[in-house]
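# Just need the structure, nothing else, for what follows:
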Amino acid sequence: MNGRKDAGQTQGPLRDGGPGSPAPPLLAVEEIRVYYGAIQAVRGVSLDVRERELVALLGSNGAGKTTTLRTISGLFRPRSGKITYDGADLTKLAPHRIVAAGISQSPEGRQIFGSLTVRENLLLGATPRKDRKGLGGDLERVFDLFPVLKERLAQAGGTLSGGEQQMLAMGRALMARPRLLLLDEPSLGLAPLMVRRIFEVVSRLKAEGVTILLVEQNARKALEVADRAYVLETGTVVLSGTGLELAANPEVERAYLGA
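Sure thing, here's the model as predicted:
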């Protein structure tokens, strides 16, 4: 795929006050460029996510997907470009302030604390919150999504299976009560049955109105749940459109869907 292409025009949510007027995006990433030393990993990526949307980032390994997500989270600082969230500039904010603003990430590789219990890992997710009330209710919501975590509450996180650790990482991110949830490779390395379970939860969160930006190597699963998607190659957006449009796109089929 060469150059930026749009697979189709999409209509976002509408403002309450202006018929036919598109609502501003909750998240807007504008022409960010990110480097690892002298190596440029992200080359002018622009994307947006609107309230209650699920937007997927697709691409092969090294395409810049995870780097883009980590830059949104404040873990990397773009050399140029801008990131706005709910109209506020996040580009230079520290990660903990970004979480406090309402963006929470379930990272690639889960990154749970193996020596801490499931309960302790989950409560760490609520640490950045200013409002500490309702933690019990938040835990129950996580247990409703992932019942096995309630059974493992006193168990060390490092003793969980890979799928259970992924559930714990997602549950921990949800404990921050995010307005925007960043999911980085939630199905990576999991058995097919667990992949199906994880995507059932992703679909449920979407149905409940959680806004999600999803990085996922399983393009077929991602496009099944995505409202819109972007395809990255070598740090550049080369294609964008609705999930249905990209799933039917011959280039995407050949490159990512095994057609």
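
# and this protein, what are its domains?
For the chain, the TED database gives the domain ranges 27-102+178-257, 111-166.

# how long is the shortest one from one end to the other?
Right, the one you point to is domain 111-166. Distance across domain 111-166, first residue to last, is 9 Å (Cα to Cα, to the nearest Å).

# And for the longest one?
Across domain 27-102+178-257, the terminal residues are separated by 28 Å (Cα to Cα).

# From Tyr230, how far off is the residue nearest to Ser106 when sequence neighbours are not counted?
Spatial nearest neighbour of Ser106, excluding adjacent residues (Cβ to Cβ, 6 or more residues apart in numbering): Ala173 at 4.2 Å. Placement of C-beta: from N, CA and C, glycine included. Relative to Tyr230, Ala173 is positioned 21 Å away (Cβ to Cβ, to the nearest Å).

# likewise Glu164?
As for Glu164, its distance to Tyr230 is 30 Å (criterion: Cβ to Cβ).

# more crowded one of these two?
Tyr230 (25 against 21; other Cβ atoms under 10 Å).

# And the helix or strand harbouring that one, how far out from the chain middle?
Counting by DSSP states H and E, the element that carries Tyr230 is strand 228-233. Taking Cα atoms, centre = their mean, to the nearest Å, the mean C-alpha location of strand 228-233 is offset from the chain mean by 13 Å.

# Show me what that strand is packed against.
On a contact count with 3 or more Cβ pairs under 8 Å, 6 or more residues apart in numbering; DSSP states H and E, strand 228-233 meets strand 54-58, strand 236-242, helix 243-247.

# now that strand against strand 54-58, angle please.
Counting by axes from the mean of the first three to the mean of the last three Cα atoms, to 10 degrees, strand 228-233 lies at 20 degrees to strand 54-58.

# Would you give the sheet partners of strand 228-233, along with the direction of each?
Paired strands of strand 228-233, with direction, are strand 54-58 (parallel), strand 236-242 (antiparallel) (DSSP bridges).

# Could you point out which of the helices and strands packed on strand 228-233 sits nearest Glu151?
Closest approach to Glu151 among these is made by strand 54-58 (28.6 Å; Cβ to Cβ).

# Restrict the closest one to CA atoms and write it as CSV.
Extracted C-alpha coordinates of strand 54-58, given in CSV (Å, rounded to 0.1, in the frame of the first residue of the first chain):
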residue,chain,number,x,y,z
LEU,A,54,-14.1,1.9,18.8
VAL,A,55,-11.2,2.7,16.4
ALA,A,56,-8.6,0.1,15.5
LEU,A,57,-5.0,0.5,14.5
LEU,A,58,-3.7,-2.2,12.2
